[in-house]
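Asker: What follows is a predicted protein model with its sequence.
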Amino acid sequence: MKNFFMALFTFCIIPTTYANDAVKSYCKSVSFSKDDSIYNEIAKFKADMANAKEVAAVADEALSNLIAKKSPVVTSWIKRRKLDVNDPVNVARQWRLYYVDNIVLSSGTFSERPKVIQKLVDSEMSEVFSNLYTKEKKSLLKKSFDIAKRDAINVLKLLIGKDEAFKEIKERIEKISIFTPEKVIGTKVEKAPRDFLEWGFAYDPNSNQINVGLDGLNFAYPKYQASLVSLMAHEIAHSFDSCRFSGFYKNKNPFTSIQSCLRNTSSVGAKKRDDSQLAFLVQNNIIKKEVAQNLLANPTCNRSLYPLPGKQRDQLDEIFADWFSAEVVALSGIDLKNLRSELCLEKDLSKGSSYISNEKRLAGIYLTQPTIAKKTSGFLGLLGGKDTGFKYCSN
């Protein structure tokens, strides 16, 4: 019974407690459900890896060494998971799964693993990729990406005209491609294997690609194409967001007025990055002076470990990417059925997150965009004419 309710919570739309009337009305009229076959495949892969003799031997040795040294790391790990130390078989089983997740598949450590384990991961993950990235899904991903890319350029043309900034951004967008993994060794996957198992879509500025992780396959169905185009456009926007603009482009950022509006509390009120601890981190040699200077020169940029956990990360670029994706979808003319319906699921955000709440994303960005509002309210009757209560930001 416990597993049944866990599955229900994870994979089905649940009535939200959203306060915004327009959002409540919209969410009653759309649907979203995750594809549990994706997570079953991932769980099987991790279990098979944990039980493989090559991994089990290394994991068990690491656990034995930590226990022998009475390491507080393993003691804390056992306590957090409320494991029974008198059941060593279960402790070992859970440790192997932990070892696979946090050591074998973790970012930056794959190349340090024994070659036999690297080859095993490559073989097993390649099979997972082959099973889940089907020909039909890859075709829909590519089709949706092509729409997003085409209309991203069209939106730019309408918003900023054919000036030098437009030409620069257009040139970069035209070179963006999508990356769907096929194997691990010899590809970008080996830098962070777990990311591709857990993430959806992520813009990679180094390769100028949109990485499509397994979570993104939840949208690889015709009924979610509007969301898929939106998600692709969101990632395209990260190629010219405020953080990356100074690094990639010579011209002045043409979206400063939009970004200023998105900061305003009459819109969604994007919060600024908290730099209150930066001087302390530099003084204690936790962050190099040159890094700090770069951060101060780029106040909307967040790094993986900065700001520190619990401190406010800058929210502007995620909000701007949402805003731009709404403009692209509105222009595209595609069926808006189930547009960003996954945002109807409430999501717990960590303190200081770079994201605003799902409710605010829907109300303040997507349902405030005039064309989207007209189509969902006027033609489909989903909003019932309800005002979202947020200002629409436009050039």
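Answerer: Ah, there it is. Residues are numbered from 1 along each chain as shown.
Asker: residue boundaries of the helices in the stretch 101-250 of the chain?
Answerer: 115-132, 135-160, 164-175, 193-198, 225-237, 242-248 (DSSP state H, counting those that start in this stretch).
Asker: Please convert those to TSV, extending it with mean neighbour count.
Answerer: For the C-beta atoms, the positions are set from N, CA and C on the backbone; glycine is no exception. Conversion of those to TSV gives the following (neighbours: other C-beta atoms under 10 Å):
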stretch	mean neighbour count
helix 115-132	17
helix 135-160	17
helix 164-175	15
helix 193-198	20
helix 225-237	25
helix 242-248	17
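Asker: would CSV of these with distance to D21 be doable?
Answerer: Shown next, in CSV, are the helices of the stretch 101-250 of the chain (distance: least, C-beta to C-beta, whole Å):
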stretch, distance to D21
helix 115-132, 38
helix 135-160, 29
helix 164-175, 37
helix 193-198, 34
helix 225-237, 22
helix 242-248, 32
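Asker: possible to save those helices as a markdown table with mean pLDDT?
Answerer: Formatted as a markdown table, the helices of the stretch 101-250 of the chain follow (pLDDT from 0 to 100):
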| stretch | mean pLDDT |
| --- | --- |
| helix 115-132 | 96 |
| helix 135-160 | 97 |
| helix 164-175 | 96 |
| helix 193-198 | 94 |
| helix 225-237 | 98 |
| helix 242-248 | 91 |
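Asker: So for C12, what pLDDT did the model give?
Answerer: In this prediction, C12 carries a pLDDT score of 50.
Asker: Excluding residues flanking it in the chain, which one is nearest A297?
Answerer: In space, A297 comes closest to S246 once its chain neighbours are excluded; the distance is 7.7 Å by C-beta to C-beta, 6 or more residues apart in numbering.
Asker: quick one: contacts for the one you found?
Answerer: 253, 297-298 (C-beta atoms under 8 Å, 6 or more residues apart in numbering).
Asker: Surely I334 touches D146?
Answerer: No: I334 is beyond contact range of D146, at 11.9 Å (criterion: C-beta atoms under 8 Å).
Asker: that older thread, which one of the helices of the stretch 101-250 of the chain lies closest to Y355?
Answerer: helix 225-237 (11.7 Å; C-beta to C-beta).
Asker: counting contacts, what elements does that closest one pack onto?
Answerer: helix 135-160, strand 201-204, strand 209-212, helix 316-332 (3 or more C-beta pairs under 8 Å, 6 or more residues apart in numbering; DSSP states H and E).
Asker: could I get these as TSV with distance to V184?
Answerer: Output for those, formatted as TSV (distance: least, C-beta to C-beta, whole Å):
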stretch	distance to V184
helix 135-160	18
strand 201-204	16
strand 209-212	14
helix 316-332	28
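Asker: Give me the distance between stretch 231-243 and the centre of its chain.
Answerer: Distance of stretch 231-243 from its chain centroid, counting by C-alpha atoms, centre = their mean, to the nearest Å, is 12 Å.
Asker: do stretch 176-186 as well
Answerer: 17 Å.
Asker: Compute the first-to-last residue distance for that stretch.
Answerer: End-to-end distance for stretch 176-186: 21 Å, by C-alpha to C-alpha, to the nearest Å.
Asker: Now do that stretch, average pLDDT.
Answerer: 97.
Asker: Buried residues, it. List them.
Answerer: 176, 178-181, 183-185 (16 or more other C-beta atoms under 10 Å).
Asker: any idea how far S276 lies from K289?
Answerer: Distance of S276 to K289, computed by C-beta to C-beta, to the nearest Å: 17 Å.
Asker: Same check on E198?
Answerer: Distance, E198 to K289, by C-beta to C-beta: 34 Å.
Asker: next one: C393
Answerer: 36 Å.
Asker: Neighbours of D35, how many?
Answerer: As a burial measure, D35 scores 18 neighbours (other C-beta atoms under 10 Å).
Asker: wait, isn't it in contact with N218?
Answerer: Yes: with contacts counted by C-beta under 8 Å, D35 reaches N218, the gap being 5.3 Å.
Asker: Need the overlap of contacts for the two.
Answerer: Among the neighbours of D35, none is also in contact with N218 (C-beta under 8 Å, 6+ apart).
Asker: what's the domain layout of this protein?
Answerer: Domain ranges of the chain: 37-104, 134-271+315-379, per automatic domain parsing.
Asker: Compare these and give me the one nearest S29.
Answerer: With C-beta to C-beta, the closest approach to S29 among the domains of the chain belongs to domain 134-271+315-379: 8.3 Å.
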